[in-house]
Structure formats: C-alpha cells, structure tokens
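*Asks:* Kindly generate the corresponding structure for this input.
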Amino acid sequence: MSAAFTGPSDGLGVEVYRGAMAYFTHLNHQGGINGKMVTVQTLDDGYQPDPAIKNTIDFLEESEVLCLFNYVGTPTVTRVLPLLKGYGEYQKLMFFPFTGAEPQRQPPYVDYVFNLRASYRQELSGLVDRFADLGRNRLAVFYQVDAYGRSGWDGARRALAARGLQLASEATYRRGAPFGTSMKQQVEIIMRSNPDAVLSIGSYAACAAFVRDARNMGLDVPIANVSFVGSENLLKLLVAAGEAAGRDYTVDLINTQVVPSYEDVSLPAVREYRDFMDRFMPVPPVLAEKHYTPLRYSFTSFEGFLNAKVMACILKTYDGNPSKGLKHAAESIREADLGIDVPVSFGPERHQGLDRVYFTTVNDRKFVPIDAEQWQTWQK
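*Replies:* Prediction:
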C-alpha cells in the first residue's frame with residue numbers, strides 16, 4: 001500500500017489504512033486465511049506521483065507482495081498504472097484504489113486493476129442530474145490541477161453535455177495547497193458567472209479553504225464535493241474555522257459518497273465496522289512519528305474496511321486454488337454479501353464492484369443522507 005501518510009492529504013491515507021486494518025486484524029484473530037496471516041506493507045508517498053512510482057517499484061522488485069492494495073489518489077495511481085503493464089512478467093494486480101478516475105477502468109490498464117467504488121463520472125453525473133432537476137443548470141467547477149481534478153472536470157462536462165448544458169465557469173488550484181491558502185481569486189472567477197451551484201473536485205484542505213472564502217465573499221449557493229475529498233477531515237476544518245469566525249461554513253454543503261453512511265447501524269457491515277474500529281483502533285506506523293488525531297469513524301475508513309472485506313473473499317478463493325491465479329479468483333466473485341444491501345460481483349468484463357452513489361449533507365456537525373425534503377430546500 002502506497003498512500004499519503006504525510007502532507008496536507010495525510011488523513012486520506014491514514015483513514016483508508018485504518019479501516020482496512022480493522023478488518024484484517026479481526027480476520028487474523030480468527031486465524032487468517034486458512035491459517036495464513038494477512039499483512040499490509042505501507043509506504044508513504046505524500047500524495048505525490050514520483051514517490052508513488054518508487055514505492056511501487058520497490059514493491060514489485062524488492063518485496064514479496066501478492067498484490068498492490070488500497071493505493072490512494074488519482075495523480076499517484078495513474079502514474080503507477082504503466083508499471084503494472086511494464087512489469088507484466090511479475091503478474092501483480094492492483095486492488096481497490098481510493099480513486100474514481102477513468103484510466104484504471106479502461107484499456108489498456110483495466111486488466112490490471114479491480115475497483116470497488118463507483119467512478120467520479122458516476123458521482124458527478126448524479127450531482128449534475130440532481131441540480132438540473134432542481135432548476136440549477138449554471139454549474140461551476142473548482143478543481144485540482146492534475147489527473148484527479150481533470151478527471152472530475154471531464155466527468156462534469158460530460159454530464160452537463162448529456163443535458164445540453166455547459167460549464168458556467170471553472171477555477172483551479174495546485175495539488176498540496178493547505179487550508180491556510182487563500183482561494184479568493186478562484187472564488188472571484190467563479191462568482192463572475194453567477195453560478196447556481198459549484199462542483200468541487202479536490203482534497204479536503206484546499207476544498208475547505210475554498211468553502212471558507214466562498215462563504216466569506218458572499219457565494220451562497222450549494223457547494224458539492226466528490227467522495228475523495230475526505231468528508232470528516234473537511235468538516236473538522238470548516239467547523240474549527242467557523243467557530244473562530246463566528247459563522248457556519250457547513251451550510252449548503254453537499255458531499256457524494258461511494259459507500260453507505262457509517263451511521264446506518266441497520267446495515268450489518270456498519271455494525272461490524274464500528275465494532276472493529278472501536279476494538280482494534282489500528283494506526284499506521286508513521287503515526288508514531290507525527291501528530292494526527294485519527295477519526296473514530298469516517299466514510300474513508302469505512303471504504304477501506306469494505307475494501308479489506310472484499311479482498312478477504314478473493315484471498316480465500318485464491319488460497320483454495322492458487323494455481324489459477326489471483327485474477328481468476330477475483331473474477332470468480334459473484335454476489336458477495338458485504339452487509340451493505342448491495343451484492344458485489346466481478347468478472348472478466350466487470351472490474352468494478354459497486355456503482356451506487358450516495359448524497360450527504362451536514363446536520364448537527366455530521367454528514368447525513370439527504371432526504372427528499374432536504375433536496376427541496378435547494379429548489380431554484
């Protein structure tokens with residue numbers, strides 16, 4: 001696993017890891033996979049492509065890893081994909097990266113990657129459809145200038161074009177921008193177009209900075225983030241900033257998610273996740289050297305948890321007949337019940353397990369599912 005364990009996006013790598021390890025720790029306490037313990041090797045890439053490439057080469061050439069797992073970020077994953085193809089003789093696959101980008105979902109790399117989550121195109125299509133149904137057709141985009149941001153930008157344009165619409169405006173920022181960065185220039189650019197809503201494709205520190213400056217400058221339309229943002233870390237920054245400024249920065253905030261709410265304890269997987277997170281409280285080794293307060297629960301760690309749960313299903317199938325290979329084991333998964341009311345299947349022509357997109361907003365300092373009544377408050 002190569003991910004951001006340091007830098008402005010460290011919360012993403014840390015929480016995806018913590019969720020996965022909560023499940024694997026439980027699995028190992030139960031005897032692992034037929035007596036074999038599951039271990040996850042971690043390397044920090046700081047959400048930067050070059051370290052991610054180096055880490056991947058180390059995994060492929062130096063480490064006896066079975067596969068790549070739980071990678072975090074589009075700019076890192078997209079740069080690593082050619083290595084999977086180039087190192088074809090190693091027959092290493094990537095499972096469940098924390099990104100909704102298209103390159104690993106299309107030739108020539110789709111054969112080397114299995115995704116669990118829905119794509120950014122699906123998330124943005126859902127947002128565009130919702131806003132258009134509410135009469136909000138003038139949509140602006142704020143995005144990160146890299147493969148991740150461009151993937152979201154492209155998804156937004158495609159969704160708008162399907163309805164005969166165009167972007168009202170767009171503004172960008174550089175990857176790695178901390179919360180203290182001024183986004184006033186970006187807000188000014190977007191405000192000139194008088195948008196009905198803003199689609200935000202970035203990481204939590206920069207997106208929180210944009211929301212803060214947008215509200216301070218009077219941009220009072222819905223701002224919608226995609227799942228990669230890291231909802232709880234975004235919320236933590238906005239709540240703290242709001243308390244200092246004496247205002248609420250969480251109003252009219254919408255976040256898409258690719259997993260159900262971890263507050264929905266009617267789902268068996270949610271009950272299991274909360275139990276294992278509370279019991280095992282996993283932390284990556286890097287946290288011994290830096291300050292980071294892990295989140296008790298989050299959409300990010302819940303996704304990591306589900307990634308691990310599906311990975312365990314694949315490993316059990318693989319261990320029963322390793323001669324057929326890990327790819328065959330993954331493609332043989334049919335209607336796996338994760339406990340989220342949506343079965344997961346893979347196959348030779350299906351390397352993405354889930355397609356559902358969930359919509360959430362902030363209520364009482366928590367992201368909660370948006371109901372029909374809440375949607376109507378945004379009717380134009």
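
*Asks:* make it CA atoms for all contacts and neighbour counts henceforth
*Replies:* OK.

*Asks:* hang on, Glu123 in a strand?
*Replies:* No - if the criterion is DSSP: H, G, I helix; E, B strand; the rest coil, then Glu123 is helix and not within a strand.

*Asks:* That one - how many residues pack around it?
*Replies:* Under the neighbour criterion other Cα atoms under 10 Å, Glu123 is assigned a count of 27.

*Asks:* Just want the phi and psi numbers for the closest residue to it other than its chain neighbours.
*Replies:* Nearest residue to Glu123 in three dimensions, chain neighbours excluded: Val357, at 6.0 Å (Cα to Cα, 6 or more residues apart in numbering). Note on Val357: backbone dihedrals following degrees, to the nearest 10 are phi -120, psi 130.

*Asks:* so how far is Gln122 from Val357?
*Replies:* From Val357 across to Gln122, the span is 7 Å (Cα to Cα, to the nearest Å).

*Asks:* any common contacting residues for those two?
*Replies:* Common contacts of Val357 and Gln122 (Cα atoms under 8 Å, 6 or more residues apart in numbering): none found.

*Asks:* domains of this structure?
*Replies:* Listed by automatic domain parsing, the domain ranges of the chain are 2-117+262-331, 120-257+358-376.

*Asks:* Would you single out the least confident of these?
*Replies:* For the domains of the chain, mean pLDDT drops lowest on domain 2-117+262-331, to a mean of 94.

*Asks:* can you pull the contacts of the residue nearest to Tyr47 when sequence neighbours are not counted?
*Replies:* Using Cα to Cα, 6+ apart and skipping residues adjacent in sequence, the residue nearest Tyr47 is Ala4, 4.7 Å away. Contacts here follow Cα under 8 Å, 6+ apart; on that basis Ala4 touches 10-14, 44-48, 72.

*Asks:* hmm, 10 Å instead?
*Replies:* Going by Cα atoms under 10 Å, 6 or more residues apart in numbering, Ala4 touches 10-14, 43-48, 51-52, 71-73, 76.

*Asks:* Let's see which of those residues end up in helices.
*Replies:* Applying DSSP state H to the contacts of Ala4, the entries found in helices are 10-14, 51-52, 76.

*Asks:* what's stretch 180-191 in contact with?
*Replies:* Here stretch 180-191 makes contact (Cα under 10 Å, 6+ apart) with 139-143, 168-173, 177, 197-198, 205-219.

*Asks:* quick check, Thr361 in a strand?
*Replies:* Yes - counting by three-state DSSP, Thr361 is located in a strand.

*Asks:* Correct me if wrong: it contacts Ile370.
*Replies:* Yes - between Thr361 and Ile370 there is a contact under Cα atoms under 10 Å: 6.1 Å.

*Asks:* neighbour-wise, which of these two wins?
*Replies:* With neighbours defined as other Cα under 10 Å, Thr361 and Ile370 compare such that Thr361 has more, 22 against 16.

*Asks:* how much space between the more buried one and Ala159?
*Replies:* 22 Å.

*Asks:* And for Ile223?
*Replies:* For Ile223, the distance to Ala159 equals 17 Å [Cα to Cα].

*Asks:* For the two, work out which one has more neighbours and name it.
*Replies:* Taking neighbours as other Cα under 10 Å, Ile223 and Ala159 compare with Ile223 leading, 25 against 22.

*Asks:* Next, the more buried one: phi, psi?
*Replies:* Dihedral pair for Ile223: phi -120, psi 120, per degrees, to the nearest 10.

*Asks:* Show me what it bridges to in the sheet.
*Replies:* Bridge pairing for Ile223 (DSSP bridges) gives the partners Val198, Leu253.

*Asks:* got the contact list for it?
*Replies:* 139-142, 196-200, 207, 210-211, 214, 250-255.

*Asks:* What is the neighbour count of Glu335?
*Replies:* Neighbour number of Glu335 under other Cα under 10 Å is 12.

*Asks:* for Pro107, same thing?
*Replies:* 10.

*Asks:* ditto for Thr78
*Replies:* Residues within reach of Thr78, counting by other Cα under 10 Å, total 20.

*Asks:* That one is in contact with Val113, isn't it?
*Replies:* No - Thr78 is not in contact with Val113 according to Cα under 10 Å; the separation is 11.2 Å.

*Asks:* Next, show the common contact partners of the two.
*Replies:* Applying Cα under 10 Å, 6+ apart, one finds that Thr78 and Val113 are jointly contacted by 103-104.

*Asks:* Just the buried residues of the longest helix along the chain, please?
*Replies:* Longest helix in the chain by number of residues, with DSSP H as the criterion: helix 299-320. For helix 299-320, the neighbour count (16 or more other Cα atoms under 10 Å) marks 299-315, 317-319 as buried.

*Asks:* quick revisit: narrow the contacts of Ala4 to those that are buried.
*Replies:* Neighbour counting with 16+ other Cα under 10 Å marks 10-14, 43-48, 51-52, 71-73, 76 as buried within those.

*Asks:* Much appreciated, bye for now.
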